[in-house]
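S.K.: Sequence first, predicted coordinates after that:
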Amino acid sequence: MKGSVIVLDELQGRKAAARLVDGQLDDLLIDPDDDTPRPGAIFRAICDRPVKGQGGMFLRLPEGGSAFLRQAKGLSPGQPLLVQVTGWAEAGKAVPVTDRVLFKSRYAIITPGAPGINISRRMEAAEADEAAVADDIMAMRDLAQAVLADGDGKTPELLVEGADAHMLAWRDWPKPEQLEEGDGAFATHGVSDLISTIQRPDVAISGGALAFIEHTRAFVAVDVNTGNDSSPAAGLKANIALARALPRQLRCRGLAGQIVIDFAPM
C-alpha cells in the first residue's frame with residue numbers, strides 16, 4: 001500500500017503504535033511490560049549520593065527507585081529536585097534524568113527556566129486550528145505551573161507520567177494519510193508479520209545483499225554481505241543499500257548508541 005498509515009493497537013497487553021510507509025514498517029513504539037519510568041516522566045526526586053569523580057548525583061525515586069543526574073554541581077544530599085526521565089534505563093542501572101524539565105504536547109513545548117519563543121522546525125501548528133493550538137498551549141502552561149509549585153516536597157513522588165505509545169504517536173509522528181486504531185488494527189494491516197522481521201538479526205537489502213544487526217552491551221554491530229553478487233560494484237551497491245535501510249532498521253528495533261558497521265569490501 002502506498003502512502004503513510006499509523007496503526008494503534010495492543011501487543012501482548014501493551015499499548016503499541018506502528019507507522020507504515022509504502023507498506024514498510026517505518027517506526028514502532030511499544031509500552032514496557034512493567035513499571036519502568038517512561039521517558040518524559042517528571043519526578044520530585046531527593047538527592048542521595050554524589051559521585052564526585054563523574055560530577056553527578058544519585059537520586060531517590062518513589063518505591064526505592066534510583067536515578068542518576070549528570071552535572072549535579074551545587075546539589076547536596078537530602079535536597080528535593082524536579083527531574084525528567086531522558087531515556088530508558090539499562091538493566092541494573094539507575095534511570096537517566098535531567099533537571100531541565102520541559103512540558104511537551106503536539107503543538108507546544110513549555111520550557112521553565114529558558115524564557116523566549118522558539119518555533120518548531122516542523123511547523124505543524126501552522127496548519128492546525130487556532131483554537132486547538134491555543135488550548136494546547138494553555139494546557140501545557142497550567143500543567144507546568146502545577147508541577148513547579150509541587151517541587152519542594154520532602155519525599156520522592158511521580159508528578160507527571162511519561163507519554164505512552166499511543167500518545168507519542170499522536171504527538172511526535174507526522175500526520176498520516178490513514179489512521180487505524182482499535183482491537184485488531186494490527187492484524188488488518190499485517191503489523192505483527194512486519195514486527196517478526198525485525199526480531200531477527202538478518203536484514204535483506206536490495207540486490208540480494210544481506211546485513212546482520214546484533215546488539216551487544218557495548219554497541220550495535222552491523223555486518224554487510226554482498227550475497228551472490230560477485231560483480232565489481234557489488235560491495236558499493238550493498239553498502240549504499242545498507243546506508244539507506246539502516247536508520248529505519250535501528251529505529252524500529254529500538255537500537256541506538258554506538259553503531260559499528262563492517263561494510264562490504266569495495
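M.R.: All right, it came through fine.

S.K.: C-alpha only now, for contacts and for neighbours.
M.R.: Will do.

S.K.: does residue 37 sit in a helix, a strand or a coil?
M.R.: Under DSSP: H, G, I helix; E, B strand; the rest coil, residue 37 falls in the coil class.

S.K.: Pretty sure it sits against residue 86.
M.R.: No. Contact between residue 37 and residue 86 fails when scored by C-alpha atoms under 8 Å: they sit 9.9 Å apart.

S.K.: Around the closest residue to residue 111 other than its chain neighbours, how many other residues sit close by?
M.R.: Nearest residue to residue 111 in three dimensions, chain neighbours excluded: residue 102, at 4.8 Å (C-alpha to C-alpha, 6 or more residues apart in numbering). Neighbour count of residue 102, defined by other C-alpha atoms under 10 Å: 18.

S.K.: ok, now the one 10 residues further on?
M.R.: Residues within reach of residue 112, counting by other C-alpha under 10 Å, total 15.

S.K.: Figure out the helix or strand that it lives in.
M.R.: Following DSSP states H and E, one finds residue 112 outside all helices and strands.

S.K.: show me the contacts for it.
M.R.: 100, 101, 102, 144 (C-alpha atoms under 8 Å, 6 or more residues apart in numbering).

S.K.: any idea how far it lies from residue 147?
M.R.: As judged by C-alpha to C-alpha, to the nearest Å, residue 112 and residue 147 stand 11 Å apart.

S.K.: so where's the stretch 101-250 of the chain shaky on pLDDT?
M.R.: Across the stretch 101-250 of the chain, the ranges flagged by pLDDT under 70 are 118-126, 151.

S.K.: can you map out the helices along it?
M.R.: 130-149, 165-172, 185-188, 191-197, 234-253 (DSSP state H, counting those that start in this stretch).

S.K.: between the ones you listed, which gets nearest to residue 59?
M.R.: helix 130-149 (18.3 Å; C-alpha to C-alpha).

S.K.: Counting by contacts, list what that closest one packs against.
M.R.: strand 103-104, strand 109-110 (3 or more C-alpha pairs under 8 Å, 6 or more residues apart in numbering; DSSP states H and E).

S.K.: Can you list the strands that the first one pairs with?
M.R.: Partner strands for strand 103-104, per DSSP bridges, with pairing direction: strand 109-110 (antiparallel).

S.K.: Touching the partner strand from outside, list them.
M.R.: By C-alpha under 8 Å, 6+ apart, strand 109-110 touches 102, 103, 104, 137, 140, 141, 144.

S.K.: Which stretches in the stretch 1-150 of the chain count as strands?
M.R.: Under the criterion DSSP state E, counting those that start in this stretch, strands of the stretch 1-150 of the chain are mapped to 4-11, 14-21, 24-30, 42-51, 56-60, 66-69, 80-85, 95-98, 103-104, 109-110.

S.K.: What is the nearest of the contacts of strand 109-110 to residue 226?
M.R.: The closest of these, once distances to residue 226 are taken by C-alpha to C-alpha, is residue 104, at 43.9 Å.

S.K.: Bridged to the closest one, which residues?
M.R.: Here residue 104, judged by DSSP bridges, has bridge partners residue 109.

S.K.: So it is in contact with residue 140, correct?
M.R.: Yes. Between residue 104 and residue 140 there is a contact under C-alpha under 8 Å: 7.1 Å.

S.K.: Could I get the helices of the stretch 101-250 of the chain in TSV, plus columns for mean neighbour count?
M.R.: Listed next are the helices of the stretch 101-250 of the chain as TSV, based on neighbours: other C-alpha atoms under 10 Å:
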stretch	mean neighbour count
helix 130-149	14
helix 165-172	18
helix 185-188	16
helix 191-197	14
helix 234-253	18
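
S.K.: So between residue 37 and residue 86, which is more surrounded?
M.R.: residue 37 (22 against 18).

S.K.: got a pLDDT number for the more buried one?
M.R.: Note on residue 37: pLDDT of 92.

S.K.: dump the residue contacts of it.
M.R.: 85, 88, 95, 161, 162.

S.K.: swap the cut-off to 10 Å and go again
M.R.: Counting by C-alpha atoms under 10 Å, 6 or more residues apart in numbering, residue 37 makes contact with 43, 65, 84-89, 95-96, 158, 161-162.
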